[in-house]
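Asks: just to be clear, the model below is a prediction. Sequence and coordinates:
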Amino acid sequence: MTHPNIVQKSVRPEHRWRLGLVAAVATLLGVGGAAAQSPGPASPTASPTASTSPIAGVDAALVNDIVIGSRILAEFGVLDGFGHVSARHPTDPNRFLMARSLAPALVTSDDIMEFDLDGNPVDARGRAVFLERFIHGEVYRARPDVRSVVHTHSPGVIPFSVSKVPLQAMYHNPAFLAAGVPIFDIRDKFGATDMLVRNAAIGKALADSLGDKSVVLMRGHGDVTVGPSIKAAVFRAYYTDVNARLQSQAIALGGDPTYLTVEEGAKADATNLVVIDRIWNLWSMKIVGASR
Ligand code: MN
């Protein structure tokens, strides 16, 4: 590629000539970089996302966001072999979308299935489904405002699920915690169980505990976060875990930590939801190798 400025600089004194060379090299790198920026996987394996949706009537981008959310939470250790991310169906509020029974780090767009709010798969085709899908169906039934649900066993939150010390908002990113964090104890209504939300009745009791909040802790189990989008629910799952770890550190320092007030939390949460694409684009790049 010819560039008149570079030609001019190359005939000037030595320091300008070197600048010209730098510009020429940068131009060459820029051309090469553009070719390398075509959408593709960050790893040599096939991209986990796809341009076509496996579910009729559902945009591929929505399905891909479930994949990105599942994988990024696994990358951060918020999810391990267990836990799941779901989204309400974009046009049928009585349906939701989530992966077949699979470790979150392995989810691809082809693994996303459609369910009714009772947790019945619309078209199972022999695929295994998550035992705890009732968490999602019952939260969507109870909360018309919720468009995405995340369930984790994240290590940071477990101490707060069994402690009398309430989880509180340490800083502005987990501001949604300032509204209050209820704890669901399965034992209250269901006695001694295996701790899992394995039917609709337990799912409904969990949704009742969540109430109008953004997160509910599950005693001896984990948490559920919700939001008006997949991005928001994943953001909240991530920052609930980060906040819990930091709060444990602040308590260990001694003294009496000063937490965000309810009013500060409401204001900061509104701001977070406006700027959420900034961190989502970063996370998306880590998973699919290109910003969206
Ligand atoms: Mn669970």
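Replies: Sure, I can see it.
Asks: all helices of the stretch 101-250 of the chain, in order?
Replies: Under the criterion DSSP state H, counting those that start in this stretch, the stretch 101-250 of the chain contains helices at 134-142, 158-162, 187-190, 200-210, 230-253.
Asks: now the ones you listed as a markdown table including mean pLDDT, distance to Tyr171 and mean neighbour count?
Replies: Just so you know, the C-beta spots here come from the backbone N, C-alpha and C atoms, and that holds for glycine as well. Formatted as a markdown table, those follow (pLDDT from 0 to 100; distance: least, Cβ to Cβ, whole Å; neighbours: other Cβ atoms under 10 Å):
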| stretch | mean pLDDT | distance to Tyr171 | mean neighbour count |
| --- | --- | --- | --- |
| helix 134-142 | 98 | 26 | 24 |
| helix 158-162 | 98 | 16 | 18 |
| helix 187-190 | 98 | 32 | 12 |
| helix 200-210 | 98 | 23 | 20 |
| helix 230-253 | 97 | 8 | 21 |
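Asks: can you tell me which residue is spatially central in this protein?
Replies: The geometric centre of the chain, computed from its C-alpha atoms, lies nearest to Val234 (Cα atoms, centre = their mean), at 2.1 Å.
Asks: got a list of what it touches?
Replies: Gly69, Ile72, Leu73, Val85, Ser148, Val150, Gly227, Trp280, Trp283 (Cβ atoms under 8 Å, 6 or more residues apart in numbering).
Asks: about what we covered before: so for Leu177, which of the helices of the stretch 101-250 of the chain sits nearest?
Replies: If you check each of the helices of the stretch 101-250 of the chain against Leu177 by Cβ to Cβ, helix 230-253 wins as the nearest, at 6.0 Å.
Asks: give me the spatial nearest neighbour of Ser214, chain neighbours excluded.
Replies: Excluding its sequence neighbours, the residue lying closest to Ser214 (Cβ to Cβ, 6 or more residues apart in numbering) is Phe176, at 4.1 Å.
Asks: with Ala270 as the reference, measure out to that neighbour.
Replies: 10 Å (Cβ to Cβ, to the nearest Å).
Asks: what's the answer for Thr52, then?
Replies: In terms of Cβ to Cβ, Thr52 sits 35 Å off from Ala270.
Asks: circling back: distance to Gly77 for the helices of the stretch 101-250 of the chain - can I get that in JSON lines?
Replies: Shown next, in JSON lines, are those (distance: least, Cβ to Cβ, whole Å):
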{"stretch": "helix 134-142", "distance to Gly77": "20"}
{"stretch": "helix 158-162", "distance to Gly77": "13"}
{"stretch": "helix 187-190", "distance to Gly77": "27"}
{"stretch": "helix 200-210", "distance to Gly77": "23"}
{"stretch": "helix 230-253", "distance to Gly77": "8"}
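Asks: among those helices, which comes closest to Val274?
Replies: Of the helices of the stretch 101-250 of the chain, nearest to Val274 by Cβ to Cβ is helix 230-253, at 11.0 Å.
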